[in-house]
Each structure stands twice: as C-alpha cells, then as structure tokens.
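Chemist: Please work out how this folds:
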Amino acid sequence: MKSNQITALVLAGCFVIGISGCSKKDEAQKAAEETAKSMQQMATGTNASASATSNKTPGVAVPAKTLAGFLPSVSGYTAKGEPETMEMDMNGAKYSHASQTYENGDKRIKVSILDYNYITGLSAAYSMMMNMSLETNDESMHSEKFSGNPGWVDWKKNSNQGTVGVVVGDRVYVIVEAEHGATLDDLKSVAGAINYSGIASAAK
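Modeler: Coordinates of the predicted model:
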C-alpha cells in the first residue's frame, strides 16, 4: 500500500474512530485497520443495496397524507402541532414524506417516514449507515431488524441522542430521532411500535 494511502487511512481512523492519542503509531495503525474494515463493509452493503434498487422503476410515491397516517402515538409524549408533509415531482421522479415531532418536557422525539420510491442515490447515505458497525466510548452504531425489516441504531452515549432507521420494501425509510434526554429505550420503543406491514402494503 502506498504511503499516502496509509496516511489517508490513519487520518480517517483518527476522525471516524475518535481514539485518543491517535498520534501514537500503534493506535494510529489500529485506527486505520478498523476504518479500512468499516469502509469495506459499507462499500459492500451499499453496492448490494444499489443493485437491488436499480432493478426497480420509480412509480407513484405514497401520498404524504397516507404516510402521515402511519405516524405513531408516542406514550408519555405529546405531538407538537400537525404532521409536516411534502410531495415532490422532479423530472418525473416522485418523492413524499411525513414527519411529526413529539415532546415530553425537554425531551424530544421525531419520526419521519420517507418514500424514496426507488430513486437511485437518495438513500445511499442511509445504506452506508445500515451496513456500518462502530463502537467507541461515545457512540454505538450497529445494524438491527425491526419487525423483520432491516435497519440500524446509532446512539450517542454521552448526550442521550440518536437515530433508528428502518427500511421497508427497499423504498420507504422510517427515521426515528431522539434528543434532549430521551433514552435509547424510548427510541427503540417508538421504532418498534410502527405499522411496517401497513407501510409496505401502501407502497406496493
């Protein structure tokens, strides 16, 4: 491997892994190896996802108001206002989403349901997260299934904030975000209570 490639991996390892004292040679090398492994996992997962999606032709997106009907009631939290909805048609590619914010004192949870409608490229970043495994003192990220659907959990340990993402039928993404003191259990409980089979049926 060329020296500039090693340097790039070391720098990436310091940035992504966040190991203290990364200037030390052995720790830098370990960071580089772990980063290279993660990058390979992400590339493999992203390519597989892109291949599966590329065979699908975008059609009519699920209406945003229909998606809003799948937004859950969150126990102990109060919905803030009406759900936000959006529908977009750009050069024949249709996209829709609905989201709702819930509050309990300072704690906040947001649920978004996004129909990317097999549009290539829109879900690439999510695909990378779904295929990445990371564990540090500050953050934990791993893949996890919800009601049989593939997804991921990303949790910031010291700040009580994080994200759960779930993919339904290769086209609809359910994103649950928590912050300001909401717990990981809150986050996963909300993600587990969503009607994924209903969403899948609506997206057929």
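
Chemist: can you confirm Met132 is in a helix?
Modeler: No - under DSSP: H, G, I helix; E, B strand; the rest coil, Met132 sits outside any helix and is assigned coil.

Chemist: number of nearby residues for it?
Modeler: Using other CB atoms under 10 Å, Met132 is surrounded by 19 other residues. C-beta here means a position set from N, CA and C on the backbone, and glycine is covered the same way.

Chemist: go on, Ser201?
Modeler: Ser201 has 11 neighbours, counted by other CB under 10 Å.

Chemist: Next, the buried residues of the strand or helix carrying Lys188.
Modeler: Per DSSP states H and E: Lys188 is located in helix 184-192. By neighbour count with 16 or more other CB atoms under 10 Å, helix 184-192 contains the buried residues Leu184, Asp186, Leu187, Lys188, Ser189, Val190, Ala191.

Chemist: Who are the contact partners of the first one?
Modeler: Contact criterion CB atoms under 8 Å, 6 or more residues apart in numbering gives Val153, Trp155, Gly162, Ala178 as the residues in contact with Leu184.

Chemist: what do you get for the second one?
Modeler: Residues touching Asp186, when contacts are defined by CB under 8 Å, 6+ apart, comprise Lys107, Ile109, Ala178.

Chemist: out of the residues you listed, which are inside strands?
Modeler: Mapping the contacts of Asp186 onto strands (DSSP state E) picks out Lys107, Ile109, Ala178.
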